[in-house]
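Peer 1: Quick one: sequence plus predicted model below, questions after.
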Amino acid sequence: MEYTLLLIEKNNGVAQLTINSPQTLNALNSAVLGELECALYELDRDNDVKVVILTGAGEKAFVAGADIKEMAAMSAFEGQQFALKGQRVILMMEKMNKPVIAAVNGYALGGGLELALGCDFIYASQKARFGFPEVTLGIIPGFGGTQNLSRRIGVARANELIFTGKMIDAAKASEWGIVNEVFAPEELLPKAQETARSIARLGTLAIASAKNAIANGLNMGKEDGFRYEASLFGVLFATEDQKEGMGAFVEKRKAEFKGK
Ligand code: CAA
């Protein structure tokens, strides 16, 4: 599909997906959400892509939230449908077989923070700012933020961020466990690419199973999660990648994974 609001660059098994409407700080309107849903669907099915990096165009923002100008005139029903549309994108990233890394280059507010939280982990620039300003607009986070933030950083810190609508900087976001690592602005994408390429060289079936075990395990009781992990662990012994990975270790050579 042709995209007008997204840029997609593919290299060495890594797809860099950039939300490209910097004039509105990459705000998420229905059109961008629709393109994101299609692009993620296509990238998940593209055998040349092993890892996705999600970022925003321009110097200022990753994504400054859902599009307030579009939301301003919505009815209650339209608001609910808009939230469900955004949530489909977040859930799609969580269910994809491939890791999605957020490279947060500037503001990640409201729906922008929700998009980042839907990724498997977040790298941030020192210039990044995080927050949920929804209550200052008379609404609450609607793209999964109330659920994903509390699961990621605990209820008390999620409550503080969501009830106050305040912004925190990258250092605080890192201290709170929202962000894995903070980089100088010019290092953010090279570092995200480096990590993505190192994951892309590994066995895609093992990575997909690990993502699946962690994500689904969070929705299970611990013993069910353990059983689920053991079944995925067992299935991997039927793959060529397991034979190759362990064979290469025994033969003291570098493994060449095929994703089979
Ligand atoms: N929606 C629509 N347009 C937005 C936007 C948004 N979320 N954020 C920024 N823009 C637009 C501005 O309106 C402006 O366009 P115009 O020049 O045409 O007016 C342009 O982007 C540049 O923004 P600013 O001039 O405001 O830039 P700034 O540097 O002065 O401020 C900012 C930056 C602090 C991020 C400020 O733009 C801002 O507060 N944006 C809104 C942030 C917000 O409230 N996000 C949450 C949205 S609600 C939500 O996301 C709900 C949900 O959970 C699904």
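Peer 2: That came through, no problem. Residues are numbered from 1 along each chain as shown.

Peer 1: hmm, stretch 7-21 in reach of the ligand?
Peer 2: No - using C-beta under 6 Å from any ligand atom, stretch 7-21 never reaches the ligand; the gap is at least 9.0 Å. Quick note: C-beta positions are derived from backbone N, CA and C, even for glycine.

Peer 1: just checking, what packs against the strand or helix carrying Ala173?
Peer 2: According to DSSP states H and E, Ala173 maps onto helix 170-175. Helices and strands touching helix 170-175, by 3 or more C-beta pairs under 8 Å, 6 or more residues apart in numbering; DSSP states H and E, are strand 121-125, strand 129-131, strand 181-183.

Peer 1: then it to PDB, C-alphas only?
Peer 2: C-alpha atoms of helix 170-175 as PDB (Å, rounded to 0.1, in the frame of the first residue of the first chain):
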ATOM      1  CA  ALA A 170      13.500  11.500  29.700                       C
ATOM      2  CA  ALA A 171      15.700  11.100  32.900                       C
ATOM      3  CA  LYS A 172      12.600  10.800  35.100                       C
ATOM      4  CA  ALA A 173      10.900   8.500  32.600                       C
ATOM      5  CA  SER A 174      14.000   6.300  32.700                       C
ATOM      6  CA  GLU A 175      14.000   6.300  36.500                       C
END
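
Peer 1: how about JSON lines for the helices and strands packed on helix 170-175, with distance to the ligand, mean neighbour count and mean pLDDT added?
Peer 2: JSON lines is the format used below for the helices and strands packed on helix 170-175 (distance: least, C-beta to the nearest ligand atom, whole Å; neighbours: other C-beta atoms under 10 Å; pLDDT from 0 to 100):
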{"stretch": "strand 121-125", "distance to the ligand": "15", "mean neighbour count": "24", "mean pLDDT": "98"}
{"stretch": "strand 129-131", "distance to the ligand": "8", "mean neighbour count": "24", "mean pLDDT": "98"}
{"stretch": "strand 181-183", "distance to the ligand": "19", "mean neighbour count": "18", "mean pLDDT": "98"}
